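# sequence and predicted structure, then a few things I'm wondering about:
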Amino acid sequence: MKEGKKFSPKTAFGIFMVLFYLCLAIMMVFTPIFEGINWILRVIMGILLFLYGIFRGYRAWREL
């Protein structure tokens, strides 16, 4: 961490949201929870959620 920076609730929430997006992406593609949605759409949504989770993770890492 940078000098003078503290671990804030905003940082904790950002890390939680990264984990949420990554877990949702994995659940979207690999579990039958969302079986009511067309599988092609599920895979596309899973890939987009995964990429967005990676992007949010990069931004959270950069702020530390």
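Looks like it arrived, so ask away.
# what's the helix or strand hosting Leu41 packed up against?
Element membership of Leu41 [criterion: DSSP states H and E] is helix 39-63. Under the contact definition 3 or more Cβ pairs under 8 Å, 6 or more residues apart in numbering; DSSP states H and E, helix 39-63 sits against helix 9-30. The C-beta positions use only the backbone N, C-alpha and C, and glycine is treated the same way.
# tell me the mean pLDDT over the helix it packs on?
For helix 9-30, mean pLDDT is 93.
# and that helix, what other elements does it pack with?
Packed against helix 9-30 by the contact rule (3+ Cβ pairs under 8 Å, 6+ apart) you find helix 39-63.
# the helix it packs on to helix 9-30, inter-axis angle?
Helix 39-63 and helix 9-30 are oriented at 160 degrees to each other (axes from the mean of the first three to the mean of the last three Cα atoms, to 10 degrees).
# which residues touch helix 39-63?
With contact meaning Cβ atoms under 8 Å, 6 or more residues apart in numbering, helix 39-63 is reached by 11, 14-15, 17-22, 24-26, 28-29, 34, 37.
# hmm, 10 Å instead?
The contact list for helix 39-63 (Cβ atoms under 10 Å, 6 or more residues apart in numbering) reads 1-2, 5, 8, 10-31, 33-38.
# okay, buried residues for stretch 27-38 please.
Met28, Val29, Phe34 (16 or more other Cβ atoms under 10 Å).
# now do that stretch: distance to the chain's middle.
The chain centroid and the centroid of stretch 27-38 are separated by 17 Å, computed with Cα atoms, centre = their mean, to the nearest Å.
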